[in-house]
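Peer 1: mind folding the following:
(one chain, ligands or ions: 1)
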Amino acid sequence: MTNIAELRKQINYHLYRYYALDDPIISDAEFDQLMQTLRDLEAQNPELITPDSPTQRVGAEPLESFDKVTHVVAMTSLANAFNDEDMRNWLGRIERRLPTWYPRDAVEFVVEPKIDGLAVAIVYEQGLLKQGATRGNGLVGENITANVRTIKSVPLRIPATPDGPPPPTRIEIRGEVYMPIKEFNRYNQQQLDLGERVFANPRNAAAGSLRQLDSRETASRPLAMFGYGVGYIEGAELQTHWDALEYLKAVGFPVNPDIIRTKNFDEVLEFIRQWMDKRDELGYDADGAVIKINDLTLQKYLGLVGNAPRWAIAYKFPAREATTKLLEIRCNVGRTGQVTPYAVLEAVNIGGVTVRQATLHNFEDLAKKDIRPGDTVLLKRAGDVIPQVVKPILEARAADSMPYQPPTHCPDCHEALSHFGEEVALFCINAACPAQLVRQLEYFVSRPALNIEGFGVKISEQVAQAGLIHDVADIYTLTKTQLLSLEGFAEKKADKILAMIDESKHQPFDRVLTGLGIRYVGSVVAAFIAHAFADIQALQQATQPELEQINGIGPRIAESIVDWFSRPANRTLVQKLRQAGVTLSSSKVEPTAPQTLANLTFVITGTLPTWGREEAAAFIQDHGGKVTGTVSKKTDYLVAGEAAGSKLEKAQTLNIPIIDEAGLKKLATE
Ligand code: IVH
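Peer 2: Numbers count the residues shown, from 1 in each chain. The predicted structure is shown next:
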């Protein structure tokens, strides 16, 4: 039986491999399994939960407001350069100030992509994450510790690496919290599907997500972080900025792998140009490069000018904007039936990419900006983000232009569209609408849900359009002959897809819940639900007030869940999933043993002769009993082994029956 501390260490290491290095060494399923084991162990032994446990990333209670944090070392801003000449002038200013003891050819530069996110300072004490703060005005920021803890690439304890250096007494790590472009696009798509607000760019997404008073909300946002410096460190010495970055990497803090170091200033400029050219491939939205003097002593010597250091400069990339003609406004149908508008444009080149379509977010935004077909519009593109229409150029508007009228019928199935309550969003409520089915299927098979590899957008469209499926559960009845009738399918591919579909039946309950696409139930909320409910039947029967009792579920989510299960088509879907053999219960609750210990509460203490404590707890739970961490009047039995301490004493004073391992086995079989 695995030792809990060892298991936690293992999980933290896998999180580091996955999020900091982007190089996992186990599958998602294996990882899920480890996490589930840890959750189970912690549920049985709450006294063993530690603040750096990966289960403890999400705090339960929302804050009233953020406390203020005064920065020990001010967080300055950066001066800007816009071209090579500005850069050479900066170098000239540094050279003129170089002390006589510093040879010009010893000056080294570090060049880093400038990520457009939010600056954050994180303090670790004796290796433990103690505080996370925003930059604020540079002197005083906001305490966002609970939110920072939810960012999976941020270690809760350093070193997160098995062979890292011992933790320093104190260190403040500075860096940029950002939303990777892929995640940003996915998140916005999901928001659109839900009829919720979208973020205009990854920067707003990062800032908005970090400023949530409810850290559960932040946890549901796909944020990441790169460290780019050390504010201060006690208990270790750093000579250069490069050393600082290497140090961060060594303790398992994520550092941007694209950073370079050189003495050659032409190379500095060359790197900046390269990034500028391939900024779409970086995976994050970079709005420039930051060039820093490497030597920390020299940095200190050069000091500040105003609010910015002399030893660093930001080279800003040109904004990627263009104007073009908006030919037509068309609409898409999302997973929940929500209809959203997008712009069809006269092709235009923005920063090397030809743009023909742009998002218009939603009808409210469209009306507010009064964007009309035929308008000349300003477009903006950031990273690989879907281009956006910023505003119409009113000066260029035709005299006979008319405001845009949202559609009244579904662009796909042509049924009449509806509004819900106060919402401005338009929905197609035809359950048989083919466009919705494709989106639902795409989501069901996607990575956070059933994770059916190889079953992408294209196959979702193919099977839906061929009429092979009518709801997502129908993928479990797909046959080889059916698949072979689709374009591009040969024997091998069909076999592989069918095998993957079959395997997905074993995905854990929370992933299936995620895949159902219940509004507001993403993977974080699904995990809370799977933890609280033994199976889908219990969830289906839960009332709204009951649901609201559950950690992680508020009124909005509770209402949405009740609403989802109230629809007959959804209940049929659940029934079909059950028949297909998909996991619809939390693995730990399937009773296999006779429930002889039902209604009894146990506490385990000391070393048992043959069982580990976790094993004993699992035995008790298998037999229907409950295990808690502290002895109280509610405890029915104390299971005591060798070297039992204060719990034994307490049980004795409370007159609680004390049994040993053999006694426990006997009790269960009686
Ligand atoms: S260094 C004194 N490095 O850019 C140096 N900043 O005005 C302080 N930023 O909001 C910052 N990437 O959050 C540094 N590699 C990087 C950066 C970076 C993005 C942000 C930073 C701050 C702004 C500087």
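
Peer 1: give me the pLDDT for the residue most central in space within the chain.
Peer 2: Nearest to the geometric centre of the chain sits P222, at 2.6 Å (CA atoms, centre = their mean). Looking at P222, its pLDDT stands at 93.

Peer 1: verify the contact between it and E183 for me.
Peer 2: Yes - contact status for P222 versus E183: in contact at 3.6 Å, counting by CB atoms under 8 Å. For every residue, glycine as well, the C-beta is placed using N, CA and C.

Peer 1: for stretch 341-356, buried residues please.
Peer 2: The neighbour-count check on stretch 341-356 (16 or more other CB atoms under 10 Å) flags 341-343, 345, 348, 350-351, 355 as buried.

Peer 1: closest to the ligand among these?
Peer 2: Nearest to the ligand among the buried residues of stretch 341-356: G351, at 19.5 Å, using CB to the nearest ligand atom.

Peer 1: neighbours around the spatially closest residue to the closest one that is not a sequence neighbour, how many?
Peer 2: Excluding its sequence neighbours, the residue lying closest to G351 (CB to CB, 6 or more residues apart in numbering) is R320, at 3.9 Å. Residues near R320, counting by other CB atoms under 10 Å, number 19.

Peer 1: ok, now which ones touch R320?
Peer 2: If you count contacts by CB atoms under 8 Å, 6 or more residues apart in numbering, R320 has them with 350-351, 380-382.

Peer 1: at 10 Å instead, please
Peer 2: 279-280, 287, 350-353, 355, 379-383, 387 (CB atoms under 10 Å, 6 or more residues apart in numbering).

Peer 1: now I656
Peer 2: 601, 603, 631-638, 647-648, 650.

Peer 1: how does it look with 6 Å?
Peer 2: If you count contacts by CB atoms under 6 Å, 6 or more residues apart in numbering, I656 has them with 635, 638.

Peer 1: please report phi then psi for it.
Peer 2: phi -90, psi 130 (degrees, to the nearest 10).

Peer 1: ok so, going back, what about the residue nearest to the centre of the chain, which SS state?
Peer 2: coil (DSSP: H, G, I helix; E, B strand; the rest coil).

Peer 1: can you pull the contacts of it?
Peer 2: With CB under 6 Å, 6+ apart, P222 has these contacts: E183.

Peer 1: longest helix of this structure?
Peer 2: helix 28-44 (DSSP state H).

Peer 1: for the following helix or strand past it, which helices and strands make contact with it?
Peer 2: For helix 28-44, the following helix or strand on the C-terminal side (DSSP states H and E) is strand 68-70. Helices and strands in packing contact with strand 68-70 are listed as strand 140-142; criterion 3 or more CB pairs under 6 Å, 6 or more residues apart in numbering; DSSP states H and E.

Peer 1: what sits up against the strand it packs on?
Peer 2: With CB under 6 Å, 6+ apart as the test, strand 140-142 has contacts from 66, 68-70, 133-136.

Peer 1: could you do stretch 177-193 as well?
Peer 2: By CB under 6 Å, 6+ apart, stretch 177-193 touches 115, 117-118, 120, 198, 202, 205-206, 210, 222-225, 283-284, 334-336, 340, 383-384.

Peer 1: got it, and stretch 348-361?
Peer 2: By CB under 6 Å, 6+ apart, the list of residues contacting stretch 348-361 reads 198, 320, 322, 324, 341-343, 345, 347, 366, 379, 381, 386-389.

Peer 1: repeat that for 7 Å
Peer 2: For stretch 348-361, contacts defined as CB atoms under 7 Å, 6 or more residues apart in numbering pick out 198, 320-322, 324, 329, 341-345, 347, 366, 371, 379, 381, 386-389.

Peer 1: now swap in stretch 246-255 and tell me
Peer 2: So stretch 246-255 is in contact with 16, 19-20, 153, 155, 158-161, 164-165, 173, 225-227, 238, 245, going by CB under 7 Å, 6+ apart.

Peer 1: list only buried entries from the residues you listed.
Peer 2: 16, 19-20, 153, 155, 158-161, 164, 173, 225-227, 238, 245.

Peer 1: of those residues, closest to the ligand?
Peer 2: Looking across the buried ones among the contacts of stretch 246-255 and measuring by CB to the nearest ligand atom, the closest to the ligand is F226, at 7.4 Å.

Peer 1: what helix or strand is that closest one on?
Peer 2: Assigned by DSSP H and E, F226 falls within strand 224-234.

Peer 1: same check on P403?
Peer 2: Counting by DSSP H and E, P403 is found in no helix or strand.

Peer 1: how many other residues sit next to it?
Peer 2: For P403, using other CB under 10 Å, the count is 10.

Peer 1: and it, how far is that from P373?
Peer 2: Distance from P403 to P373, counting by CB to CB, to the nearest Å: 10 Å.

Peer 1: and for I656?
Peer 2: Applying CB to CB, the value for I656 to P373 is 77 Å.

Peer 1: just F528 next, same as before
Peer 2: Distance of F528 to P373, computed by CB to CB: 45 Å.

Peer 1: show me which of these two is the more surrounded one.
Peer 2: Ranked by neighbour count (other CB under 10 Å), F528 and P373 place F528 first, with 20 against 16.

Peer 1: so what's the more buried one up against?
Peer 2: Taking CB under 7 Å, 6+ apart, we find F528 in contact with 550-553.

Peer 1: ok, of those residues, which one's closest to P594?
Peer 2: Lowest distance from P594 to those (CB to CB) belongs to I550, with 29.0 Å.

Peer 1: what's the burial count for the residue lying closest to P24 once chain neighbours are set aside?
Peer 2: Nearest residue to P24, sequence neighbours excluded (CB to CB, 6+ apart): Y18, at 4.4 Å. A count of nearby residues for Y18, using other CB under 10 Å, gives 17.

Peer 1: ok, Y18 to G252 distance?
Peer 2: If you go by CB to CB, the gap between Y18 and G252 works out to 12 Å.

Peer 1: gap between the residue lying closest to I550 once chain neighbours are set aside and V333?
Peer 2: Nearest residue to I550, sequence neighbours excluded (CB to CB, 6+ apart): A532, at 4.5 Å. Distance from A532 to V333, counting by CB to CB: 33 Å.

Peer 1: more neighbours, those two?
Peer 2: V333 (26 against 18).

Peer 1: so what pairs up with the more buried one in the strands?
Peer 2: As for beta bridges, V333 partners with V339 under DSSP bridges.

Peer 1: on that earlier part again, okay, who's weakest in the buried ones among the contacts of stretch 246-255 by pLDDT?
Peer 2: A20 (84).

Peer 1: tally up the residues packed near the spatially closest residue to it that is not a sequence neighbour, please.
Peer 2: Computed as CB to CB, 6+ apart, the closest residue to A20 that is not its neighbour in sequence is P254, at 3.8 Å. Residues lying near P254 (other CB under 10 Å) number 23.

Peer 1: likewise D502?
Peer 2: If we define neighbours as other CB under 10 Å, then D502 has 13 of them.

Peer 1: wait, what's in contact with it?
Peer 2: Contacts for D502 were tallied using CB under 7 Å, 6+ apart; there are none.

Peer 1: model confidence score at it, please.
Peer 2: For D502, the model assigns a pLDDT of 95.

Peer 1: how about the residues of the stretch 251-400 of the chain by the ligand?
Peer 2: 290, 309, 312, 314 (CB under 6 Å from any ligand atom).

Peer 1: excluding covalently adjacent residues, which one is nearest to the residue of the stretch 451-600 of the chain found nearest the ligand?
Peer 2: Nearest residue of the stretch 451-600 of the chain to the ligand: V524, at 26.3 Å (CB to the nearest ligand atom). Distance criterion CB to CB, 6+ apart; nearest residue to V524, sequence neighbours excluded, is S220 at 4.5 Å.

Peer 1: which bits of this protein sit near the ligand?
Peer 2: Residues of the chain lying near the ligand (CB under 6 Å from any ligand atom): 76-78, 112, 114-115, 119, 176, 228-229, 290, 309, 312, 314.

Peer 1: just the buried ones among those residues, please.
Peer 2: 78, 112, 114-115, 119, 176, 228-229, 290, 309, 312, 314.
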